[in-house]
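# Build me a structure from this.
(one chain, ligands or ions: 1)
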Amino acid sequence: MPNYGDPEYWEKRYEEQKGKTYDWLEDYESLGSIIKQLISPDANILILGCGNAELSEEMYNDGFTHINNIDISTAVIQQMKDRNADKPTMTWTVMNVMDIKFPNNHFDLAIDKSTIDALLCGDDAFINVAKMTKEVQRVLKIGGVYMAISYGIPDTRLEHFNWKHLHWEVSYQTINPETDNPHYVYLCRKKQGADEISEGNWEEVELSLTENKTE
Ligand SMILES: C[S@@+](CC[C@H](N)C(=O)[O-])C[C@H]1O[C@@H](n2cnc3c(N)ncnc32)[C@H](O)[C@@H]1O
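Here you go, the predicted model:
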């Protein structure tokens, strides 16, 4: 299996895939109704590990025009920037989801479509996902939602949304539950006091996940 946790894997893959698009797991057709229940068209949106998915451009075409896409791959960000040059309020930036260069309390919705799955395939997986959730919670407004679409069943994903630095209300829905290939939409809504709790508990979480190497 390819090393989906390795940024170099993605860079090479996107260089080879120039001109193509691909949506992992789900697309706007299947996710649109959930997204529309969460936010209004003027919402400020962050896409975490956007890749070359059409999700964000389809959201834009449907009226969600304030979208900031980030990915670790320079190649894919340049390709998607060129492809969407006609969409002035949509941005494309090379950025690590573990070190998000946006201010606190900035976004109404952060969408992670299978980026958590990629991180969980890599080295230091648990601490890397915890770094991402810490950053995502920080940049969300109170009441804002982290939406993670994953193939991972709740037994393998919920613990990542419940470490002690996180203070959000967690729920999930199953897409195509009756099939052999269901996907899960985890919704984490940031609660009042989350920033203080994160600051107070992060050191302990970081230490325990680094010491235990729980991957
Ligand atoms: C499984 S793909 C999903 C792509 C897209 N979200 C989709 O649904 O089609 C995972 C994406 O995460 C990106 N990625 C991996 N590690 C990252 C990191 N640390 N920071 C930002 N993006 C990362 C990869 O470059 C890749 O585009």
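# Which residues of the protein lie near the ligand?
7, 10, 22-24, 49-51, 53, 71-73, 76, 96-98, 113-115, 118-119 (C-beta under 6 Å from any ligand atom). C-betas here are computed from N, CA, C, even on glycine.
# which secondary structure elements does the lowest-mean-pLDDT helix or strand in the chain contact?
When each helix and strand of the chain is scored by mean pLDDT, DSSP states H and E, helix 194-212 comes last, with a mean of 94. Applying 3 or more C-beta pairs under 8 Å, 6 or more residues apart in numbering; DSSP states H and E, one finds that helix 194-212 contacts helix 125-139.
# Quick check: mean pLDDT of the helix it packs on?
Taken as a whole, helix 125-139 carries a mean pLDDT of 98.
# which residues touch the helix or strand that comes right after it?
Using DSSP states H and E, the helix or strand that follows helix 125-139 towards the C-terminus is strand 140-150. Strand 140-150 is contacted from outside by 25-26, 31, 34-35, 38-39, 105-114, 116-117, 133, 136-137, 157, 161, 168, 183-192, 194, using C-beta atoms under 8 Å, 6 or more residues apart in numbering.
# quick one: pLDDT of the residue nearest to the spatial centre of the chain?
In the chain, the centroid-proximal residue (C-alpha atoms, centre = their mean) is Asp112; its distance is 2.1 Å. Asp112 is assigned a predicted lDDT (pLDDT) of 99.
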